[in-house]
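Trainee: Any chance you can model this:
(chains A and B)
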Amino acid sequence: MTSQSTGSDESKASSPDRDPRPVTFRIARFTPRPQSERPARTNPFSKSNPFATTGNRRARGRRWTQEYTIRIAPQRTVLDALLQIKRAVDPTLNFRYSCGHGMCGSDAVLINGRPDLLCTATIADCLSAPKSMPNAFASPGAASGSPQVQQPPAFRRTGTATTTTGVSSSVALSDSASNFTTTDPTGAGPTDPAEATDLTETTGRIKTSGLTKTSDTAESSVVEIRPLPGFTPLRDLIVDTNAMFEQIRRFKPYLLHDDSSADSGQADRTKAASTEPASEYKQTPEELARYELLSTCIACGLCQGACPIYAGGEAFAGPAAMIAAARFINDSRDGHRQERLEAIDQVDGIQACQSIRACTRPCPRGIDVGEEMWKLVEAVKE
Amino acid sequence: MNPQKVRNRYDAVIVGAGAAGLSTALGLYRALEGKQSESSSSPKVLVISKLQPLRSHTGSAEGGIAASLGNQEKDDWHWHYYDTVKGSDWLADQDAVRILAEQAPGIIIELEHDGVAFSRTEDGHIAQRKFGGHTADYGGHPVRRAAYAADRIGHQILHALWQQCLRQGVEFAEEWYVTDLVVDPPTDEESGGHARGLIVLDTHAGKLQAIQADNIVLCTGGAGRLFHTTSNSWDLTGDGMALALQSGLQLEDVEFIQFHPTGLGHTGILLSEASRAEGGVLRNSQGRAFMQDYAPGHGDLAARDVVSRSIMAEIDADRGVADPSDPDGPHDCVWLDMTGIDAQRMAALLPQVTETIHRYAHLDPTVDMVPVKPTAHYTMGGIPITDRGRVYRWQNGHRRIVNGLFAAGECSCVSVHGANRLGGNSLLDACLFGTRTGQTIAAAMSNADEPNDMTDTSPLAPALQRRQAFMDVLLAGASKAEPTEPALADNQNEEANTGVDADLNNPYALMGRLGRLMEEAVAVRCDQSSIEKGLQGLNQLDADARQLHAHSDTAVLNQEVTAIMEVDNLLTLARAVLNASLRRQESRGALYRSDYPQRDDEHYLAHTMIDAKENVSWQPVHIVDMPPKGRDY
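Mentor: Modelled structure (predicted):
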């Protein structure tokens, strides 16, 4: 512990963030078993576990935690690091990524207990940021009285490859049955003896001397990456986003101008397609300002992953769907404000929001999601 | 969202869900809307895309979409027409550009009606800004032609189109990867062949399937990943263009690849042209605003190829600067000086640019100079199409239509961009020709004598078997070498120590090697020896690619399997790009050959048509209104 703290202090004083240094990435992995091999097992603990995935299907397969130590500059992003791992260490690691600069919204994960995008989180951020999430939420290990609760993520005890502290906390996230399997990093539980025999192998640890000048992990810092909560993991860090998009879709997330329905819409388009364009729907800069920021939502799902109600598996359409609805509720061109407000005023709509406002912090577009949700609550009351 | 039940046969399958694919789907659905009551059964249409649609790279377009709306000053579509032809260095087909310029305002209005949150003028009209190469009065002063939404027009368009597709009930198959396009060869002189269907990999299930389709539209986007430094997303691996080559079709003008002048330092991430339109200035190591020396009168808003070459000339003359994040590294950047832009104005008009600089360069553009270098941005060439979106073969001096095959957007080449694309014209091309393609298919569907409901996937069976065998070998490689993934970790540990070995059997590493090879061979400029060296290097990469196999035998969401096929596509396309560059012995637009520095209209006022066997033929440019002139900026 001490040596880690010192190492980090030194790095701040003498080596700027652009100098590569060893960093360990501890990644929750999952390989699904081909479907229909076994009937799905219902999990008696899922109700009380805020990290239980929504929906009742939880894919079967092999779960383990894998560590990779590579040399990388702290100012690089976590995506840079994972791509380096894919290229030079382990091409089997699966995670979504596309634009690489925070616009496509495909790479939402949980980094050191916080929902974040791989491509916007720098390694320096991960190693220095204090834990702002509620402890019970950020790390299941905290709930079980783990002594590392008070440590910022950078100084979380890494132990050795076979120490179970770090591993067990990640397993706890992915498997609610882990209360009796803290030393079973497969997460498969005792019902699966075949996999339990893999025990000694399942915490894969990779140190690549080609990349790592020092193999002493005591000097390296740890970044822990898991799938985004609230979404069913499909493989490694890839989660099922269908539920989110279905909820977004439910509230008719498309512009419905008063005369753009049915026949007149067709007439508009015929005109627009010809060389004599119809004119645009007028909108002043002030009217635009009422929804412009809302329209920048990239549907990455970070707010959903941060929401204890949604990620906790309660019946809630989720903040992303509410933001999508709000975008049209506040667009002066849309003629269906009232219907839209009525549509979200349901027990699993805006009524499910408890104004915890955990959704605000992770938004990569700077939308104050919690405040927007509150505005919807108010608007619905009117 | 994925289909509940996948059919074996569709009336139309659209591959790709960016601006072009979604516009095609909307164009198709809307054109059919009025006719649906007549026919009893609704059309079966599927949009297949390797990403969830909102992840498409259209969402990264920043600056604007060009149209002579004239909302903020007098404009005329004829001027847009002229600028686009001049920008193309007279390689664009003028009949197609005419359509582009004339119908642009209608498309913008339609996008606005679809919900795009355009920035507005005080009186509520769509706001417009200046953009490189767009001028008033046939080459006069810069004109406000690019309709914008702050600096995230692509995001707005992508989301609005997707939203309208939801409204129409368009069916999507997301994170499916098309592995093969099956096209029957021509049966006679007049025909260009017949597209039969696709082999697709449902990555979620890890299963291949044959899909028969009467109409297939390729809208797969560009191929920026040919290069190491690119503004393109990791998914732009030229899949549609490679599918065309592999199915025996040609590509047009693939040697023309636009390098955007202002990629952010060593990341390649795009800093919008809007940063210069709003007052940013390029400076060399001596602080000189050098663009005035290269393009008097146009300066920093000259055409992109001109600016990119000027930056490279400054770097070559030892007036480049190092990326501050790597101060001891090569001096291969110049400065973008945005300090003259008022801070409030910058925050209001360039939020995305400002944020990108903060986040990825750790600089404050209101006070710091920002390092930039040219970044691979756009493929002007692609799958040859008519102005109705139909793919054709160029044979014996004629366009022979390939029945049932269409393309739109960056992967296609209707040739509105010629040798160099103007900013603001790519979204326009994708939306406008995408819409037209959808309308063409709708017309063909309603004109069909009798509904074709016959499902016959037998022409696809050989392709499916071949691809299945390929997949089996890829996955079998994994189980032989590494029985389980945790074990893989241990094996890799040994392998990685040797460094090179690990690289050799890794598609991601191979993609990196290809990017560096292509950069040395043809980035921004080239000559015969650089191209030939690239072709030689490609032979080695081809050999290495054949050795690739997966390291996990689980087919479900196995990204490495997809990456191996993407590498195949990139290699196929790279060879076509290099050979086309070699054959064109002139400099035009984005292609600068230092051994042939002049444009040569006598021999090369023609489109390069190249196939996978490296046969090259030349298709004359459609010159309608404007005979070729010099292109001075």
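Trainee: Which secondary structure state is assigned to residue B:199?
Mentor: strand (DSSP: H, G, I helix; E, B strand; the rest coil).
Trainee: got it, and the one 10 residues further on?
Mentor: With three-state DSSP as the basis, residue B:209 sits in strand.
Trainee: Verify the stated contact: it with residue B:197.
Mentor: No: the pair residue B:209 and residue B:197 does not pass the contact test of Cβ atoms under 8 Å, sitting 10.1 Å apart. Yep, even glycine has a C-beta here, placed from its N, CA and C like the rest.
Trainee: Look at these two and report which has more neighbours.
Mentor: residue B:197 (26 against 17; other Cβ atoms under 10 Å in any protein chain shown).
Trainee: What sits closest to the more buried one if chain neighbours are left out?
Mentor: residue B:212 (4.2 Å; Cβ to Cβ, 6 or more residues apart in numbering or on different chains).
Trainee: Please state the offset of the helix or strand harbouring the one you found from the chain centre?
Mentor: Element membership of residue B:212 [criterion: DSSP states H and E] is strand B:207-218. In terms of Cα atoms, centre = their mean, to the nearest Å, the gap separating the centre of strand B:207-218 from the centre of its chain is 22 Å.
Trainee: what angle separates the helix or strand just after it from strand B:207-218?
Mentor: Towards the C-terminus, the helix or strand next in line after strand B:207-218, according to DSSP H and E, is helix B:239-246. Angular relation of helix B:239-246 and strand B:207-218 on a 0 to 180 degree scale: 90 degrees, by axes from the mean of the first three to the mean of the last three Cα atoms, to 10 degrees.
Trainee: who does whatever helix or strand comes next after helix B:239-246 touch, helix- and strand-wise?
Mentor: Helices and strands here follow DSSP H and E; after helix B:239-246, the next one along the chain is strand B:251-252. Packing contacts for strand B:251-252, counted by 3 or more Cβ pairs under 8 Å, 6 or more residues apart in numbering or on different chains; DSSP states H and E, involve helix B:239-246, strand B:383-384, helix B:559-583, strand B:606-610.
Trainee: surely residue A:62 meets residue A:28?
Mentor: No: in this structure residue A:62 lies outside contact range of residue A:28 using Cβ under 8 Å: 11.8 Å.
Trainee: more crowded one of these two?
Mentor: residue A:28 (23 against 20).
Trainee: and that one, that's in a strand?
Mentor: Yes: using three-state DSSP, the secondary structure at residue A:28 is a strand.
Trainee: got a pLDDT number for the residue lying closest to it once chain neighbours are set aside?
Mentor: Ranked by Cβ to Cβ, 6+ apart and with sequence neighbours excluded, the top spatial neighbour of residue A:28 is residue A:226, at 4.2 Å. Residue A:226 is assigned a predicted lDDT (pLDDT) of 98.
Trainee: And for residue B:307?
Mentor: The per-residue pLDDT reported for residue B:307 equals 94.
Trainee: got the contact list for residue A:73?
Mentor: Applying Cβ atoms under 8 Å, 6 or more residues apart in numbering or on different chains, one finds that residue A:73 lies in contact with A:17-21, A:123.
Trainee: Are any of the residues you listed buried, and if so which?
Mentor: The neighbour-count criterion (16 or more other Cβ atoms under 10 Å in any protein chain shown) marks A:17-18, A:21, A:123 among those as buried.
Trainee: hang on, isn't residue A:329 packed against residue A:378?
Mentor: No: with contacts counted by Cβ under 8 Å, residue A:329 stays clear of residue A:378, the gap being 11.8 Å.
Trainee: And the two? Which one has more around it.
Mentor: Neighbour count, other Cβ under 10 Å: between residue A:329 and residue A:378, residue A:329 has more, with 25 against 10.
Trainee: what sits against that one?
Mentor: If you count contacts by Cβ under 8 Å, 6+ apart, residue A:329 has them with A:291, A:337, A:340-341, A:376, A:379.
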